[in-house]
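Student: output the structure for:
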Amino acid sequence: MRDREARNGRNPSPSPEGRTHWKRSAVMFVPCTLAVGALGIALAQGALARVRDRTPPTAR
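Tutor: As a prediction, the model looks like this:
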């Protein structure tokens, strides 16, 4: 329909299709960011624990 209107020279009517509202983006962005942050912290803590386990007892 939009193509047909564009060919006729008329402006297509504004349609919500194809547009993501900022609230929907925020609803997805915030939890995803928190999840990635939690994974990063867990990986960093695991890496630090492995490094600490490998150091000789005299160096601690």
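
Student: any weak-confidence spans in the protein?
Tutor: In the predicted model, the chain carries pLDDT under 70 at residues 1-20, 57, 59-60.

Student: what about 50?
Tutor: Counting by pLDDT under 50, the chain shows no low-confidence range.

Student: assign residue 24 to helix, strand or coil.
Tutor: Assigned by DSSP: H, G, I helix; E, B strand; the rest coil, the conformation of residue 24 is helix.

Student: how close does it sit to residue 32?
Tutor: Distance, residue 24 to residue 32, by CB to CB, to the nearest Å: 13 Å. For every residue, glycine as well, the C-beta is placed using N, CA and C.

Student: same question for residue 55.
Tutor: Taking CB to CB, one finds residue 55 at 35 Å from residue 32.

Student: how about residue 44?
Tutor: Distance from residue 44 to residue 32, by CB to CB: 19 Å.
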